[in-house]
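Q: Sequence plus the predicted model coming up.
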Amino acid sequence: MRKKIVAGNWKMNNDAAQAEALIDAIINKKPDTSTKVVIAPPFVSLQAAVAQTRGTNIIVAAQNMHQAENGAYTGEISVNMLKGINVNTVILGHSERRAYFGETNALLAEKVNTALNHNLTVIFCFGEELADRQTGSHFEVVERQLREGLFHISESDWSNIVLAYEPVWAIGTGETASPEQAQEMHEFIRTLLRNNIGSKIAEDTSILYGGSVKPDNASEIFSKPDVDGGLIGGASLKADDFVGIIKGMA
Ligand code: 13P
């Protein structure tokens, strides 16, 4: 059975003290335990976040990692560095990594392999740009991102994959996809999985929606049959909003 998940991608926000305060506020609001709650603080706060969330239902994820095991890659973070501080989930393929740091589908396939080889859970992000949607090529773009970045993995690794559809035009813009647009794409993705990977995996894989999800639109988006939760940016930086969105999942 697929899980309901609400994940907060903090991006490059919150220093150590702010991160601690935000996690404290989230824990104090006791988010619903039937939903899997994930937070992805910046690298420097991961270790403290793991300690702070011990004994809660909150899972700590990294926002990125390097594809190599180790080596001369100044400024980068490896999979074993994450595992060494008990971070077992990583976001890969975020559109900001693709757009600003040149991450291609081929590179992401390498990162996915490294993460899965070490048994990490991967929250794999993808989604079309505005121009793709305007020209009607959004399904094609999404299919290519999935085929080139992810569909090569073995059947047994799919239990460590969470998909996150994030249309770039809806990220940080306040313009969210309508619940119908989200459902249409999520249904397309699940059908792709069913036809290319298998029906059990299609049924069991959680597909999150991301892009301007707020407490007042979350429950309508989450009520769609193929939407299993959300990947939240801006609204995950405020405890009230983040917990409000988690409530929208219940
Ligand atoms: P916003 O919720 O700020 O639109 O960001 C979505 C996102 O990019 C999450 O990864």
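A: Received the coordinates, thanks.

Q: Could you measure from the residue nearest to residue 118 when sequence neighbours are not counted over to residue 116?
A: Closest residue in space to residue 118, ignoring its immediate chain neighbours: residue 79 at 4.7 Å, by Cβ to Cβ, 6 or more residues apart in numbering. Heads up, the C-betas are built off the backbone N, CA and C, glycines and all. Remark: distance between residue 79 and residue 116 (Cβ to Cβ, to the nearest Å) = 10 Å.

Q: so how many other residues sit close to the nearest residue to residue 88 once chain neighbours are set aside?
A: Setting aside the residues directly before and after it, residue 88 is nearest to residue 120 in space (Cβ to Cβ, 6+ apart), at 5.6 Å. Per other Cβ atoms under 10 Å, the neighbour tally for residue 120 reads 22.

Q: what sits against residue 120?
A: Neighbouring residues of residue 120 by Cβ atoms under 8 Å, 6 or more residues apart in numbering: 79, 82-83, 88-90, 160.

Q: The residues you listed in helices, which ones?
A: In helices, judged by DSSP state H, the following of these are found: 79, 82-83.

Q: Let me know the secondary structure of residue 64.
A: Following DSSP: H, G, I helix; E, B strand; the rest coil, we place residue 64 in the coil state.

Q: Check the contact between it and residue 92; I expect there is one.
A: Yes - using Cβ atoms under 8 Å, residue 64 is in contact with residue 92, at 7.1 Å.

Q: neighbour count winner among these two?
A: The neighbour comparison of residue 64 against residue 92 (other Cβ under 10 Å) goes to residue 92, with 27 against 19.

Q: ranges for the strands of this protein?
A: Taking DSSP state E as the test, the strands found in the chain are 5-9, 36-40, 58-60, 89-92, 121-126, 161-165, 207-210, 229-232.

Q: picking up where we left off before, just the buried ones among the contacts of residue 120, please.
A: Buried by 16 or more other Cβ atoms under 10 Å: 79, 82, 88-90, 160, out of the contacts of residue 120.

Q: can you tell me which two in the residues you listed are farthest apart?
A: 82 and 160 (13.8 Å; Cβ to Cβ).

Q: ok, now which ones touch the most centrally placed residue in the chain?
A: The structure's the chain has its C-alpha centroid closest to residue 123; by Cα atoms, centre = their mean the separation is 4.2 Å. Taking Cβ under 8 Å, 6+ apart as the criterion, residue 123 is in contact with 7, 38, 61, 89-92, 162-164, 208, 231.

Q: what separates the residue of the chain positioned farthest from its centre from the ligand, distance-wise?
A: For the chain, the largest distance from the centre (Cα atoms, centre = their mean) belongs to residue 72, which lies 27.9 Å off. According to Cβ to the nearest ligand atom, to the nearest Å, residue 72 and the ligand sit 30 Å apart.

Q: Identify the spatial nearest neighbour of whichever residue of the chain sits closest to the ligand, chain neighbours not counted.
A: With Cβ to the nearest ligand atom, the shortest gap between the chain and the ligand falls at residue 233, namely 2.2 Å. Using Cβ to Cβ, 6+ apart and skipping the chain neighbours, the partner closest in space to residue 233 is residue 9 (5.5 Å).

Q: Tell me how many other residues crowd that neighbour.
A: For residue 9, the neighbour count with other Cβ under 10 Å is 26.

Q: Who are the contact partners of it?
A: Applying Cβ under 8 Å, 6+ apart, one finds that residue 9 lies in contact with 40, 63, 91, 94, 210, 231-233, 236.

Q: 7 Å - rerun?
A: 40, 63, 91, 231-233, 236 (Cβ atoms under 7 Å, 6 or more residues apart in numbering).

Q: Repeat that for residue 4.
A: 34-36, 228-229, 249.
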